[in-house]
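S.K.: Predicted coordinates and the sequence they were generated for:
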Amino acid sequence: MALQLPPLTAVRAFEAAARHGSFTKAAAELGMTQAAVSYQIKVLEDRIGAPLFLRRPRQIVLTETGRELAPAVSEAFELLSAAYQTAKHGAQGTLVINSVQTFAAQWLALHMGSFQIAHPALAVRLQTSTDLVDFGRDDVDVVIRAGGGNWPGLASHLLLRALFTPMLSPALAASIGGVREPADLMRLPIIDSADPWWPKWLEEAGVSSESLPKRPRSQLGAQTFEASAAMAGRGVALLTPAFYRAELESGRLIQPFDLVCDDGHGYWLAYPEARRNSPKIRVFRDWILSAVRDWLGAAAS
């Protein structure tokens, strides 16, 4: 039985207008006039038998029918785009990775060379950011984010649990005659005392966190910067031990206690479900999951 499909030009105009929330922006993206976009959407509305947008002065809003249709249409275009890229290039072109600063600096930059050796036809562009990514608009293939890993519409894979424990420089510890028990940490400067990890770790260590809100607050924006400040003797930082093996082995940092906490968050690889079979995403996903697993295994042994 033949598929019942609407006019694809009309569907394309609807998808762009729904994504941008604007006929004008959709027209600019598609190389059409605003009137042409409006006409194509009217064609689609006539075929469906219901309005897709509420047209207001200087504003368009999706109707309930439009809200139901938009995600399926976007996914269909994502699948079509992925199939086209597969047929045209395979695992070639440019892979754009948008990662949080800490994972990019402490792991990805140190291991990316092996991926590029294995896939010389695939160029890599690495961005660092914690901002939300709009995969329909931004030139990004995959993201690496810290969190719980539950993001609607995205496939996500856990790379590393975000465990944490206090670390500091040997010189700072020596300044109070050594850190022998968790309460000793409260005699030292705390890097980002507003970090929600601090009350959790102190509670599990049996130390009161009541004084934390009264301390000077320094937010450095990323764990990798907090580690640099800790190595410089500026305070005690809560860090993920797996990222700082070399610093601990060299003595630039010390981990005074075995207590390591877990708040259920981690570092995740994520990308749109519809792009799961994109060749460049597939080869990167397979590589990074294997590489992180081997790296963690080597540390455990």
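M.R.: Alright, I've got the coordinates.
S.K.: Okay, and the most centrally placed residue in the chain sits in which element?
M.R.: For the chain, the residue sitting closest to the mean C-alpha position, by C-alpha atoms, centre = their mean, is residue 145 at 2.7 Å. Under the criterion of DSSP states H and E, residue 145 resides in strand 142-147.
S.K.: What residues of that strand count as buried?
M.R.: Residues of strand 142-147 classed as buried by neighbour count (16 or more other C-beta atoms under 10 Å): 142-146. Placement of C-beta: from N, CA and C, glycine included.
S.K.: Surely residue 35 forms part of a helix?
M.R.: Yes: Residue 35: assigned to a helix according to DSSP: H, G, I helix; E, B strand; the rest coil.
S.K.: So for it, what's the pLDDT?
M.R.: As predicted, residue 35 sits at a pLDDT of 92.
S.K.: distance of it from residue 25?
M.R.: Residue 35 sits 15 Å away from residue 25 when distances are taken as C-beta to C-beta, to the nearest Å.
S.K.: Those two - which one has more neighbours?
M.R.: The residue with more neighbours, out of residue 35 and residue 25, is residue 25; 16 against 10, by other C-beta atoms under 10 Å.
S.K.: so what's the more buried one up against?
M.R.: By C-beta atoms under 8 Å, 6 or more residues apart in numbering, residue 25 lies in contact with 16-17.
S.K.: Can you tell me the element it falls in?
M.R.: Assigned by DSSP H and E, residue 25 falls within helix 23-30.
S.K.: That helix: which residues count as buried?
M.R.: In helix 23-30, counting by 16+ other C-beta under 10 Å, buried: 23, 25-27, 29-30.
S.K.: Just put the residues you listed in JSON lines and tack on distance to residue 17 and pLDDT.
M.R.: Converted to JSON lines, the buried residues of helix 23-30 look like this (distance: C-beta to C-beta, whole Å; pLDDT from 0 to 100):
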{"residue": "23", "distance to residue 17": "5", "pLDDT": "92"}
{"residue": "25", "distance to residue 17": "8", "pLDDT": "92"}
{"residue": "26", "distance to residue 17": "4", "pLDDT": "92"}
{"residue": "27", "distance to residue 17": "9", "pLDDT": "92"}
{"residue": "29", "distance to residue 17": "9", "pLDDT": "90"}
{"residue": "30", "distance to residue 17": "9", "pLDDT": "91"}
